[in-house]
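Asker: Return a 3D structure for these sequence lines:
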Amino acid sequence: MHDAELLSRRSALQIGGLGLLGLTMPRLLRAADAPAKLPVRAKSVIFLYQFGGPSHLDTFDVKPEEPDGIRSPLGTIATSMPGLRISKLLPATSKVMDKVTLVHGVHHTMKNHNSASYYALSGHEPPVDDIRLQDTNALFPAYGSIADRFAPDLKDGASSAVPKFVAYPYTIRDGSITPGQRATFLGKRHDPLLVMDDPAKPDFRLPALSLPAGMSSDRLASRRSMQELVNRQVAWLDDSAEAQGLDAYYKRALSMLTSREVRDAFNLSAEPEVVRDAYGRTTYGQSCLLARRLVESGVRFVNVYFSSNIGGRSKTSGGWDTHGFDGSRMYEILPEWQLPLTDQTLPTLLTDLDDRGLLDETLVVWMGEFGRTPRINKNNSRDHWPSCYTVLLAGGGVKRGFRYGESDRSGAYPQSGAVLPDDLSATLFALMGIDPATEMRDGLGRPFPISRGQVIHEIIA
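Answerer: Predicted coordinates for the structure are as follows:
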């Protein structure tokens with residue numbers, strides 16, 4: 001319970017039914033229960049989700065003094081953050097570490113990708129640690145859906161046609177669909193605008209924003225024309241939409257279809273070739289560029305998925321799940337795929353945002369569902385390790401060139417500054433100006449706080 005709430009309730013009990021400065025007991029209690037009004041430090045969030053679980057020991061929490069078998073064989077490099085060394089294969093990233101905060105003591109107990117990813121994407125501990133965890137409306141909503149529902153309006157806010165929550169370019173899954181990607185019990189109107197097309201393709205466009213030949217904006221005012229359009233083009237309308245708020249979909253689709261701001265935001269061809277090249281002509285690279293364009297247009301929350309799957313066995317695709325299965329080897333894959341892709345995109349995005357004056361009001365989150373084992377396995381690779389890993393944050397009100405917490409000498413457990421995903425969620429919401437104690441109600445009407453964690457005040461600038 002917050003101190004302010006304790007004080008308010010104590011005052012109410014002391015005065016009984018008497019008024020204090022015009023406030024009766026019921027009014028005092030209502031004031032105590034009302035969500036706090038917080039300053040908006042992060043107008044937008046770009047959530048770069050690294051599906052599969054990156055190794056903290058081979059990225060941002062290297063242990064160069066440890067022996068072989070723990071120390072990364074990839075080597076280390078000094079950075080623009082005094083005293084910090086990171087993977088030698090992240091040379092461009094090393095130059096922007098003075099822009100970021102590293103949270104080193106993140107931990108939990110989920111060892112399966114779907115359960116751990118749900119925790120990472122929603123900030124709520126899953127009911128079970130099981131790869132078969134089902135994506136149901138009984139689970140908690142995605143961060144972006146809560147932002148869509150509760151984020152305060154901005155005075156310089158975007159057009160109402162601009163979606164608040166956009167996710168792309170995949171629906172991620174490990175066998176079954178990974179929970180934590182949609183609004184669940186908040187209702188479908190708070191689901192993300194899900195874009196499944198590849199931003200790196202020359203003909204990339206958002207299908208739902210293209211009017212069929214012969215159909216004008218005026219005709220869209222007709223319910224029948226809108227029905228026909230939605231049925232043909234809006235892939236994010238599923239079979240149950242009518243029962244769960246189809247009218248909201250109609251209104252959102254109509255406003256987006258007729259909005260120049262929305263069309264322009266998704267028009268990557270408007271970017272100079274040199275900028276597109278800087279991000280890289282890969283799906284992930286152009287996805288990061290699109291994220292910058294979306295927050296410029298007023299989108300409040302953007303989920304960018306590194307990969308559709310956990311991967312770890314290919315040098316040309318997939319996520320970070322580098323166990324060394326099927327003859328693959330982690331230290332042959334990372335230098336060819338995950339680390340070069342990260343080193344091109346992450347520093348480019350942070351620098352681009354900073355140069356445009358957007359970084360201070362845009363929170364960038366780079367994280368996976370867990371880290372990797374401190375000890376290298378028999379396949380010269382690393383396995384799942386949720387007991388300690390690192391999350392990178394930048395902009396949006398967090399300190400620059402700062403490290404919070406520390407892992408022990410082998411990177412196995414937090415030595416100081418232990419942080420749960422719940423605490424990350426509370427901090428994220430607070431930076432967006434949303435009180436973490438804000439209540440939402442599930443399908444049965446039961447109240448839950450949007451976060452059960454504690455704000456990490458030490459990382460806020």
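
Asker: Map the structural domains onto the sequence of this structure.
Answerer: 1-34, 38-204+270-459, 207-265 (automatic domain parsing).

Asker: what is the mean pLDDT for the first one?
Answerer: This means domain 1-34. Mean per-residue pLDDT for domain 1-34: 39.

Asker: can you check stretch 112-124 too?
Answerer: Rounded mean pLDDT across stretch 112-124 is 98.

Asker: Got the confidence number for the closest residue to residue 383 other than its chain neighbours?
Answerer: Distances taken as Cβ to Cβ, 6 or more residues apart in numbering place residue 373 nearest to residue 383, at 4.7 Å, with adjacent residues excluded. (C-beta placed from N, C-alpha, C; glycine too.) For residue 373, the model assigns a pLDDT of 98.

Asker: Is residue 396 in contact with residue 45, as I believe?
Answerer: Yes: taking contacts as Cβ atoms under 8 Å, residue 396 lies within contact range of residue 45: 6.8 Å.

Asker: any shared contact partners between the two?
Answerer: Any residue near both residue 396 and residue 45 by Cβ atoms under 8 Å, 6 or more residues apart in numbering counts here, and that gives 362-364.

Asker: What about the residues you listed, which one has the most neighbours?
Answerer: The residue in the shared contacts of residue 396 and residue 45 with the most neighbours, by other Cβ atoms under 10 Å, is residue 364 (28 neighbours).

Asker: tell me the mean pLDDT over the strand or helix carrying it?
Answerer: Taking DSSP states H and E as the criterion, residue 364 maps to strand 362-367. In this model, strand 362-367 carries a mean pLDDT of 98.

Asker: so what does that strand touch, helix or strand wise?
Answerer: Judged by 3 or more Cβ pairs under 8 Å, 6 or more residues apart in numbering; DSSP states H and E, the packing partners of strand 362-367 are strand 44-49, helix 338-355, strand 389-394, helix 421-431.

Asker: ok, then the element right after it?
Answerer: Next element after strand 362-367 (DSSP H and E): strand 371-372.

Asker: Following element in sequence after that next one, please.
Answerer: Where DSSP H and E defines the elements, the next helix or strand beyond strand 371-372 is strand 384-385.

Asker: residues in contact with that next one?
Answerer: With Cβ under 8 Å, 6+ apart, strand 384-385 has contacts from 53, 111, 116, 370-374, 412.

Asker: Relative to residue 264, which of the residues you listed is nearest.
Answerer: Of all the contacts of strand 384-385, residue 53 has the smallest distance to residue 264: 36.2 Å, by Cβ to Cβ.

Asker: Quick check: the closest residue to residue 328 other than its chain neighbours vs residue 405, distance?
Answerer: Closest residue to residue 328 apart from its sequence neighbours, by Cβ to Cβ, 6+ apart: residue 313 at 4.3 Å. Distance, residue 313 to residue 405, by Cβ to Cβ, to the nearest Å: 32 Å.
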